[in-house]
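quick one, what's the 3D model for this:
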Amino acid sequence: MESSRLLQHLAENFSLLRAAVVATDPTASVPSCPDWTVADLVEHVAKVYLHKVECIRLGAFPDDWPETIPADPVTALDRYYERLTTIFAEHTPADPAATWHEPDQTVGFWIRRMTQETVIHRVDAELAAGGGLSPIAGDLAFDGVDEVLKLFVGYGSTRWKDEFGTLLDAPDSRPLSVATGHHAWTLRAVPGEVEVRDAATGFDGDALVSGEAEPLLLWLWNRGGGDAVRLSGDRALLAQFQALRTAATQ
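Alright, predicted model coming up:
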């Protein structure tokens, strides 16, 4: 997706996130993150924004917070969202930035990542508020599915090996497909890695996970959507994938 479109989605989802948190008791529990209150959620997002500002400004990961974080979480959220969008506006997507994804050390990586981060935490805030969930735009949800599979499950399996425990010591290496709309991805777990590629001919695995992009994205991030996601094929392979995606997104 073009960075300009991602930035539109970032602005829209930040507005929804902020509206949900200011309308909710800050001590309320977040159902999708049961160890967090709403205040914890807001503080987390604010710190994530500030951290990415520093990754771009310094061209390196910051050693420490550059300043004292405001005690009021919403104040911090507003302050660091403004700084994040300002620094995005001051750079092109191709400009260099320190990221955890070695192949992509650009501002554009953080534009995408912060947009998807905001979407998922906006969902968390709306769940805590107890109302219905605002829809996720189709192109944004599709991009989010692609990001989860390729960056968090695929690349993450090689970067954060400890998070996967023994799952990739001797995995079932048969292919599994994930599909939404007219697009599919093929995943194959091999020792020490999950290989992820776009499927050239659609479903080509021994098991299939499929659904519309929005519920599929929420399901991948353990935010629900399970009723609208279809699981078919080999049960052991499906169970392995569920363990892998949980390890990648915890």
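
please state the backbone phi and psi of residue 157?
phi -70, psi -20 (degrees, to the nearest 10).

with residue 192 instead?
Per degrees, to the nearest 10, the backbone of residue 192 is at phi 80, psi 0.

do I have it right that it meets residue 161?
Yes - counting by Cβ atoms under 8 Å, residue 192 does reach residue 161; the two are 7.3 Å apart. All C-beta atoms are positioned from the backbone trio N, CA, C, and that covers glycine.

any shared contact partners between the two?
With contacts defined as Cβ atoms under 8 Å, 6 or more residues apart in numbering, the residues shared by residue 192 and residue 161 are residue 168.

can you pull the domain assignment for the protein?
Annotated domains of the chain cover 3-129, 138-249 [automatic domain parsing].

output the ones you listed as JSON lines; include the columns mean neighbour count and mean pLDDT.
Below are those laid out as JSON lines (neighbours: other Cβ atoms under 10 Å; pLDDT from 0 to 100):
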{"stretch": "domain 3-129", "mean neighbour count": "18", "mean pLDDT": "97"}
{"stretch": "domain 138-249", "mean neighbour count": "18", "mean pLDDT": "94"}
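
next up, the contacts around residue 167.
189, 240, 243-244, 247.

can you map out the helices along this protein?
Counting by DSSP state H, residue ranges of the helices within the chain are 3-22, 38-58, 73-89, 107-129, 138-147, 156-159, 213-220, 235-249.

for the fourth one, packing partners?
In this structure, helix 107-129 packs against helix 3-22, strand 29-30, helix 38-58, helix 73-89, helix 138-147, with contacts taken as 3 or more Cβ pairs under 8 Å, 6 or more residues apart in numbering; DSSP states H and E.
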